[in-house]
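Novice: structural data only, the sequence is not supplied:
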């Protein structure tokens with residue numbers, strides 16, 4: 001066959017360049033608000049939301065939650081990344097999927113458009 005050595009390479013022998021929390025390049029407090037506990041979850045949920053508001057959790061940890069400085073498109077196109085680490089969360093308030101790393105990152109639809 002024409003594949004040569006490529007046909008004999010095992011997946012466990014491959015080295016793929018990847019990025020950790022690939023979509024955590026734009027973590028924002030407004031995005032975090034979309035992921036906050038929403039609606040009738042009881043006293044504990046309301047208390048957690050009130051505590052988060054009082055101490056500005058989003059602002060305090062947004063710098064720690066950002067893992068990348070390049071968009072997923074730039075990671076793929078300019079930096080040679082071939083393995084993505086994408087974590088997602090559903091926003092009840094906005095009824096859409098977001099990528100997430102502690103706080104909300106870009107909407108999943110934005111990241112998928114970068115990959116397409």
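Specialist: Good, I have the coordinates. Owing to the predicted nature of the structure, the values given are computational and were not obtained by experimental measurement. Numbers count the residues shown, from 1 in each chain.

Novice: every contact and neighbour count from this point should use C-alpha atoms.
Specialist: OK.

Novice: give me the element residue 68 is part of.
Specialist: Using DSSP states H and E, residue 68 sits within no helix or strand.

Novice: check whether it really touches residue 23, as I assumed.
Specialist: Yes - using Cα atoms under 8 Å, residue 68 is in contact with residue 23, at 7.3 Å.

Novice: quick one: find the helix or strand in this structure with the lowest mean pLDDT.
Specialist: Lowest on mean pLDDT, DSSP states H and E among the helices and strands of the chain sits helix 29-35, with a mean of 49.

Novice: who has more neighbours out of residue 68 and residue 23?
Specialist: Taking other Cα atoms under 10 Å, residue 68 and residue 23 do not tie; residue 23 has more neighbours (33 against 17).

Novice: could you measure from that one over to residue 115?
Specialist: 11 Å (Cα to Cα, to the nearest Å).

Novice: any residues in contact with both of those two?
Specialist: Contact criterion Cα atoms under 8 Å, 6 or more residues apart in numbering; residues shared by residue 23 and residue 115: residue 72.

Novice: can you map out the strands along the chain?
Specialist: 18-19, 83-84, 88-91, 96-101, 103-107 (DSSP state E).

Novice: direction included, what does the second one pair up with?
Specialist: Sheet pairing for strand 83-84, assigned by DSSP bridges, gives strand 18-19 (parallel).

Novice: coming back round to it: quick one: closest of the strands of the chain to residue 12.
Specialist: strand 83-84 (14.1 Å; Cα to Cα).

Novice: buried residues, stretch 103-116. List them.
Specialist: Buried residues in stretch 103-116, defined by neighbour count with 16 or more other Cα atoms under 10 Å: 103, 104, 105, 106, 107, 108, 111.

Novice: look up the closest residue to the fifth one, ignoring the ones flanking it.
Specialist: The shortest distance from residue 107 to any residue that is not its chain neighbour, by Cα to Cα, 6 or more residues apart in numbering, is 4.1 Å, and that residue is residue 98.
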